[in-house]
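K.L.:
Following is a predicted model, sequence given first.
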Amino acid sequence: MAKMYYNGDANAEYLNGKKVAVIGYGSQGHAHALNMRDSGVDVVIGLRKGKSWEKAAEDGFQVYTVGEATAQADVVMILLPDELQPKVYKEEIEPNLTSQALMFAHGFNIHFNQIVPPKECDVLLVAPKGPGHLVRRTYEQDAGVPALFAVYQDVTGEAQELALAYAKAIGALRAGALETTFKEETETDLFGEQAVLCGGLTSLVKAGFETLTEAGYQPELAYFECLHELKLIVDLMYEGGLEGMRYSISDTAQWGDFVSGPRVVDARVKEEMKAVLKDIQEGKFAKGWILENQANRPVFNAVNQRENEHPIEQVGRELRKMMPFVNSSKKKEVAVSANN
Ligand SMILES: NC(=O)C1=CN([C@@H]2O[C@H](COP(=O)(O)OP(=O)(O)OC[C@H]3O[C@@H](n4cnc5c(N)ncnc54)[C@H](OP(=O)(O)O)[C@@H]3O)[C@@H](O)[C@H]2O)C=CC1
Ligand SMILES: CC(=O)[C@](C)(O)C(=O)O
């Protein structure tokens, strides 16, 4: 088994006395900044004026322009949307970069040569394997989201130690961190989010919902069966693997899992997964995403609108209004009051 790194493997000293500029305050940015501050790290935020700037200031951070934050930092962590990083890097970060280390939470722009870092600083990656809002929520629960870390350039000879100190400060080492490379993190993260976690799963959920509703079953029932209950099943997998989930479900469901699962996700699916991975490895996906953004996202916007109008979204919005607790930040009593 590969070596996993935990809190005891990291030395917070490598961040002591250092100012970390978090560039971006969105899903990952807010979580990294809040967690690091709670871990005693000196954090400043680099942003453009707008809702994130207001939120970061409201959360008590010193907020600067990207260039100002970069110029004063010992460590710069770029947590901007991947497709916007090259432009902001070229125009605002690179001209002001004097830091010891340049960091990313996804290797896309380094791996696909959209950002070419200076030779004078460490270049490293700390990539939580989970959504930013859960990076924050689990930290507040004295837990954490596991992370990958990688060193692309080690000028100081301390890049790995800094990566581990950073991973510890955001709470990741409570769950564990695994060393990788920018190439491996980029290719596997893109594959996972396309073929399994987001793309694969949303396609499976919609297909199941459509199968039931087209057969005449109630949309509300189809929503609970194919989407709502998914969290509960995945929670069991999260806690105990496939065997843990199978222990908890009925033997009827487990038999159905064994005999029907492979019919739905058959060998063709894995062949297509291999084709998706090949497109990622050969840069075909990256090129398409870069061009889509250069064209101002015509396909992305059209598909996003169509998806938001899918019947599963329409019925889900109505049902979730009566279950405010599903938005985890709500307290259970809210649900009780809403239904009384
Ligand atoms: N989302 C996730 O859970 C994960 C993301 N990652 C990686 O983390 C990185 C950040 O992604 P994510 O957190 O999702 O990004 P988000 O889209 O959630 O947040 C982007 C942030 O960047 C700011 N921003 C956008 N454009 C500019 C600009 N021109 N100048 C200054 N600030 C700007 C936005 O502020 P504004 O309000 O002004 O738009 C916002 O605060 C990416 O590399 C991503 O691949 C890695 C693991 C998981
Ligand atoms: C949450 C995560 O890690 C994703 C799906 O890869 C992403 O949002 O980039």
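P.N.:
Now that the structure is in, tell me what you want to look at. Residues are numbered from 1 along each chain as shown. Ligands and ions are numbered 1, 2, ... in the order given.
K.L.:
do the strand or helix carrying residue 271 and ligand 2 meet at all?
P.N.:
In this structure, residue 271 is located in helix 267-281 according to DSSP states H and E. No - interface with ligand 2: helix 267-281 contributes nothing (Cβ under 6 Å from any ligand atom), its closest point being 12.5 Å away. Any C-beta I mention is one placed from the backbone N, CA and C, and that applies to glycine too.
K.L.:
does residue 194 really touch residue 202, like I thought?
P.N.:
No - counting by Cβ atoms under 8 Å, residue 194 does not reach residue 202; the two are 10.7 Å apart.
K.L.:
Would you check how far apart the spatially most central residue of the chain and ligand 2 are?
P.N.:
To find the centre residue of the chain, average its C-alpha atoms and take the closest one (Cα atoms, centre = their mean): that gives residue 131, at 3.6 Å. With distances defined as Cβ to the nearest ligand atom, to the nearest Å, the gap from residue 131 to ligand 2 amounts to 4 Å.
K.L.:
swap in residue 307?
P.N.:
For residue 307 relative to ligand 2 (Cβ to the nearest ligand atom), the value is 16 Å.
K.L.:
Also residue 149?
P.N.:
14 Å.
K.L.:
in the helix holding residue 271, what's buried?
P.N.:
Of the residues in helix 267-281, those buried by neighbour count under the rule 16 or more other Cβ atoms under 10 Å are 273, 276-277, 279-280.
K.L.:
I'd assumed residue 63 was in contact with residue 57.
P.N.:
Yes - at 5.1 Å, residue 57 and residue 63 qualify as touching, with contact defined as Cβ under 8 Å.
K.L.:
the more surrounded of these two?
P.N.:
Shown here are residue 57 and residue 63; by other Cβ atoms under 10 Å, residue 63 has more neighbours (21 against 14).
K.L.:
and that one, how far is that from ligand 1?
P.N.:
10 Å.
K.L.:
so what's that residue bridging to?
P.N.:
In this structure, residue 63 has beta-bridge partners residue 45, where bridges are defined by DSSP bridges.
K.L.:
can you pull the contacts of it?
P.N.:
If a contact means Cβ atoms under 8 Å, 6 or more residues apart in numbering, then residue 63 has 44-47, 53, 56-57 as its contacts.
K.L.:
Recalculate using a threshold of 7 Å.
P.N.:
Residues in contact with residue 63, defined by Cβ atoms under 7 Å, 6 or more residues apart in numbering, are 45, 47, 53, 56-57.
K.L.:
Quick check, residue 109 in contact with residue 81.
P.N.:
No - in this structure residue 109 lies outside contact range of residue 81 using Cβ atoms under 7 Å: 10.6 Å.
K.L.:
Give the closest residue to residue 100 in space, chain neighbours not counted.
P.N.:
Counting by Cβ to Cβ, 6 or more residues apart in numbering, residue 100 lies nearest to residue 74, which is 5.3 Å off, once chain neighbours are set aside.
K.L.:
I figured that neighbour hits residue 97, correct?
P.N.:
No - the pair residue 74 and residue 97 does not pass the contact test of Cβ under 7 Å, sitting 11.4 Å apart.
K.L.:
between the two, what contacts are shared?
P.N.:
Overlap of the contact sets of residue 74 and residue 97 (by Cβ under 7 Å, 6+ apart) is empty.
K.L.:
that older thread, neighbour-wise, which of residue 109 and residue 81 wins?
P.N.:
Neighbours around residue 109 and residue 81, counted as other Cβ under 10 Å, are more numerous at residue 109. The numbers are 24 against 11.
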